[in-house]
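> My questions concern the predicted model and sequence given below.
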Amino acid sequence: MKVAIDIKGRAEMERAIRVLGENGPKAMAAALWNEGNRIMGRAKDIVPVDTTALQGSGVVDFAVISGSDVSVTMGFGGPAKAYAEVQHEELSYYHKPPTQAKYLEQPLREAAEDMGFRLAKELWDELK
């Protein structure tokens, strides 16, 4: 499942990337991987826990650089991907608080509120 988000602070982030020039994609890859791990940490706090298998399956892949595009993929499930998706998407299931459905999407959307600013700060720190 892919989720589209609107990143606040995008202009600041893009300016930092331009200033970094040819080092921009590599610096962005590191910053995005760090951000992905921060989001994953929050997601693991609220992922449904029965046997801890789902919680333990959360991963953030290393960033992929393709020209000037940088991406990070994260998710839950591994071999139990179908189970992870059902637990994420089915809103009628009971989850003992603080666990919940939308355990990855919610932290991602919350992070988007100021993600660009955090990424820009990390990129500017790279210049120091």
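Received the coordinates, thanks. As the structure is a prediction and not an experimental result, all values here were calculated from the model.

> center of this protein, which residue is that?
By Cα atoms, centre = their mean, the chain has its centre lying nearest to residue 36, at 3.5 Å.

> So for that one, what pLDDT did the model give?
With respect to pLDDT, residue 36 has a value of 97.

> ok, now residue 110?
On pLDDT, residue 110 comes in at 96.

> ok, residue 127 - how many residues close by?
10 (other Cβ atoms under 10 Å). Heads up, the C-betas are built off the backbone N, CA and C, glycines and all.

> May I have the phi/psi pair for residue 74?
Reported as degrees, to the nearest 10, the phi and psi values for residue 74 are phi -140, psi 160.

> distance of residue 41 from residue 19?
From residue 41 over to residue 19 the distance is 29 Å, taken as Cβ to Cβ, to the nearest Å.

> hang on, isn't the residue nearest to the centre of the chain packed against residue 60?
Yes. Counting by Cβ atoms under 8 Å, residue 60 is a contact partner of residue 36 at 4.0 Å.

> Between these two, which contacts overlap?
Shared contacts of residue 36 and residue 60, defined by Cβ atoms under 8 Å, 6 or more residues apart in numbering, comprise 72, 74.

> what's the strand or helix carrying residue 82 packed up against?
Using DSSP states H and E, residue 82 sits in helix 81-89. With contacts taken as 3 or more Cβ pairs under 8 Å, 6 or more residues apart in numbering; DSSP states H and E, helix 81-89 sits against helix 53-56.

> residues in contact with the helix it packs on?
Contact with helix 53-56 is made by 44, 47-49, 76-77, 80, 83-84, 87, as judged by Cβ under 8 Å, 6+ apart.

> try 7 Å this time
Residues from elsewhere that reach helix 53-56 (Cβ atoms under 7 Å, 6 or more residues apart in numbering): 44, 47-49, 76, 80, 83-84, 87.

> Kindly report the same for stretch 101-120.
Residues contacting stretch 101-120 (Cβ under 7 Å, 6+ apart): 3, 5-10, 12-13, 16, 31, 35, 39, 42-43, 46-48, 75-76, 87-91, 93, 95.

> Just those residues: which are in helices?
Counting by DSSP state H, the part of those found in helices is 10, 12-13, 16, 31, 35, 39, 42-43, 46, 87-89.
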